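Peer 1: no sequence on this one, just coordinates:
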């Protein structure tokens, strides 16, 4: 009987456990997580923090789900180390677990700002369901806020502040939100969306240090320009630190995440990884890449499980990810790798509608859509086909994208 151990019960770990049970009905499957509750929807916890959604719809699996599938779920369990030679997982309080195949799906932990008082009471990071509960409770009692981190996670704090009636300043180091993927035209639509909910973007700023009261609660953020922004609520979203400390000495290749191939296999036999902490070989891009989207993590878990259960590696991970923001009066969607292009095409169609396509070696590798998301299907198809289309930008920027209008691919 094969023994599978999965470290992490996020969507990738849970997806892998479900797939392993389908592929190997007699196997022993153990899922270990240091959280105190089974899988929940990381997308919907934002709505809970905004005060828009009760807890019940956010939980995806209860403990009975694992019992029905004969999967051992170990909550509140901390892994201390992994011996890949002996194939043993050591835990802090639950003994040792032997494995035949191991999946690491431990994700990351929000990075703390390296400034004074960054751990003060009232400064929040947004990752777990427990975080969302704390943010909601505190936000309901707060009047002024500061947000730090001009990326996809930071904007969730802007939405929380808007929904909870907090007057907030969004401190950004550069001259616009998500400056690596958006030009000024696209970013300004997002800035207006923030202003509409009572959040003011502040550019060329950031945090030099936080101020606190005698009780250790945050009272203000001071930026590098010595500007002071009062706040009784602060949200920090400057990226993730991957949870790989317990893998020291295990011989796994790391470079800002665990390196895996297109089969989710690490450089160590019988050890796989999936989800946020992977730097995987992207077969569409032709190089290692990273991706934090829910759909991508779920598919990586499934692919890892298929290959763990197979006698030989069977299926490769091929996926065009997308990440959507629905906090404003207009929708926003990024897809693929919008920051990795060597060429771009963009157009603004109205005050709330804009499009940018990123190309590499003439092929679409990602993009951002604001206002009208309908072209995403065509763009994702072109990515999967790996067609060279950068010479036909006008067709791709038409309000309605018709792939039949593209010239046929020339034979090489």
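Peer 2: On my side now, so go ahead. Fair warning: this is a prediction, and the values are worked out from it, not measured in the lab.
Peer 1: Could you tell me how many residues sit around residue 223?
Peer 2: When neighbours are counted by other Cβ atoms under 10 Å, residue 223 registers 20. From N, CA and C alone the C-beta is placed, and that goes for glycine too.
Peer 1: May I ask you to confirm that it is in contact with residue 210?
Peer 2: No - using Cβ atoms under 8 Å, residue 223 makes no contact with residue 210, being 10.8 Å away.
Peer 1: tell me which element the most centrally placed residue in the chain falls in.
Peer 2: With distances taken as Cα atoms, centre = their mean, residue 292 lies nearest the centre of the chain, 3.0 Å away. Per DSSP states H and E, residue 292 falls between elements, in no helix or strand.
Peer 1: Number the residues from 675 up from this point.
Peer 2: From this message on, residue numbering opens at 675, which makes the last subject residue 966.
Peer 1: Once you drop chain neighbours, what's closest to it?
Peer 2: Distance criterion Cβ to Cβ, 6 or more residues apart in numbering; nearest residue to residue 966, sequence neighbours excluded, is residue 950 at 5.1 Å.
Peer 1: secondary structure class for the one you found?
Peer 2: Counting by DSSP: H, G, I helix; E, B strand; the rest coil, the backbone at residue 950 sits in coil.
Peer 1: wait, it sits on residue 970?
Peer 2: No - contact criterion Cβ under 8 Å: residue 950 and residue 970 do not qualify, at 9.0 Å.
Peer 1: Contact partners for residue 843?
Peer 2: 819-821, 873-874, 876, 895, 903, 905 (Cβ atoms under 8 Å, 6 or more residues apart in numbering).
Peer 1: rerun at 10 Å
Peer 2: 818-822, 835, 873-876, 879, 895, 897, 901, 903-905 (Cβ atoms under 10 Å, 6 or more residues apart in numbering).
Peer 1: Residue 789 now?
Peer 2: Residue 789 sits in contact with 822, 880-884, 895-896, 898, 910, where contact means Cβ under 10 Å, 6+ apart.
Peer 1: What separation do you get for it and residue 775?
Peer 2: The span separating residue 789 from residue 775 equals 42 Å under the rule Cβ to Cβ, to the nearest Å.
Peer 1: Flag every buried residue along stretch 985-999.
Peer 2: Across stretch 985-999, burial judged by 16 or more other Cβ atoms under 10 Å covers 987, 990-991, 993-997, 999.
Peer 1: Turn those into a markdown table, columns for distance to residue 920, secondary structure and pLDDT.
Peer 2: A markdown table is the format used below for those (distance: Cβ to Cβ, whole Å; DSSP: H, G, I helix; E, B strand; the rest coil; pLDDT from 0 to 100):
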| residue | distance to residue 920 | secondary structure | pLDDT |
| --- | --- | --- | --- |
| 987 | 25 | coil | 69 |
| 990 | 28 | coil | 96 |
| 991 | 24 | coil | 96 |
| 993 | 27 | coil | 94 |
| 994 | 32 | coil | 95 |
| 995 | 27 | coil | 93 |
| 996 | 31 | strand | 94 |
| 997 | 28 | strand | 93 |
| 999 | 33 | strand | 93 |
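Peer 1: The residue nearest to the centre of the chain contacts residue 953, doesn't it?
Peer 2: No - in this structure, residue 966 is not within contact of residue 953 by Cβ atoms under 10 Å, at 11.9 Å.
Peer 1: shared neighbours of residue 897 and residue 884, anything?
Peer 2: 820, 822.
Peer 1: Okay, now the unreliable bits of the chain?
Peer 2: Scanning the chain for pLDDT under 70 picks out the ranges 730, 987, 1083-1086.
Peer 1: And it, split by domain according to the record?
Peer 2: 677-783+914-983, 786-910, 1004-1079 (automatic domain parsing).
Peer 1: Report the contact partners of the residue nearest to the centre of the chain.
Peer 2: Contacts of residue 966 by Cβ under 10 Å, 6+ apart are 781-782, 826-827, 913-914, 949-951, 995, 997.
Peer 1: Repeat that for residue 773.
Peer 2: 676-681, 702, 704, 756, 758, 760-763, 944-945.
Peer 1: for residue 796, same thing?
Peer 2: Counting by Cβ under 10 Å, 6+ apart, residue 796 has contacts 812, 816, 819, 884, 886-887, 889-893, 905-908.
Peer 1: hmm, back to that, need the contact list for the residue nearest to residue 966.
Peer 2: Going by Cβ under 10 Å, 6+ apart, residue 950 touches 682, 684-686, 779-782, 801, 914, 916-917, 931, 964-967, 970-971, 974.
Peer 1: Of these, which belong to helices?
Peer 2: 685-686, 970-971, 974 (DSSP state H).
Peer 1: And these, which is closest to residue 1051?
Peer 2: residue 970 (17.3 Å; Cβ to Cβ).
Peer 1: What distance do you get for that closest one to residue 1010?
Peer 2: Residue 970 is 11 Å from residue 1010, by Cβ to Cβ.
Peer 1: what about the helices in the stretch 775-924 of the chain?
Peer 2: 803-813, 828-837, 858-870 (DSSP state H, counting those that start in this stretch).
Peer 1: Next, count neighbours for the closest residue to residue 773 other than its chain neighbours.
Peer 2: Closest residue to residue 773 apart from its sequence neighbours, by Cβ to Cβ, 6+ apart: residue 679 at 4.0 Å. As a burial measure, residue 679 scores 24 neighbours (other Cβ under 10 Å).
Peer 1: what residues are up against residue 921?
Peer 2: 681, 753, 755-756, 758, 778, 780, 928, 932, 940, 942, 945, 947, 951.
Peer 1: now, which of these lie within strands?
Peer 2: Secondary structure from DSSP state E places 681, 753, 755-756, 778, 932, 945, 947 of the contacts of residue 921 in strands.
Peer 1: Distance to residue 693 and neighbour count for the residues you listed - can I get that in a markdown table?
Peer 2: Shown next, in a markdown table, are the ones in strands among the contacts of residue 921 (distance: Cβ to Cβ, whole Å; neighbours: other Cβ atoms under 10 Å):
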| residue | distance to residue 693 | neighbour count |
| --- | --- | --- |
| 681 | 16 | 27 |
| 753 | 22 | 24 |
| 755 | 27 | 15 |
| 756 | 22 | 26 |
| 778 | 16 | 32 |
| 932 | 19 | 26 |
| 945 | 17 | 23 |
| 947 | 15 | 28 |
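Peer 1: got the residues you listed as CSV, with distance to residue 742 columns?
Peer 2: Shown next, in CSV, are the ones in strands among the contacts of residue 921 (distance: Cβ to Cβ, whole Å):
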residue, distance to residue 742
681, 22
753, 25
755, 32
756, 28
778, 25
932, 31
945, 28
947, 27
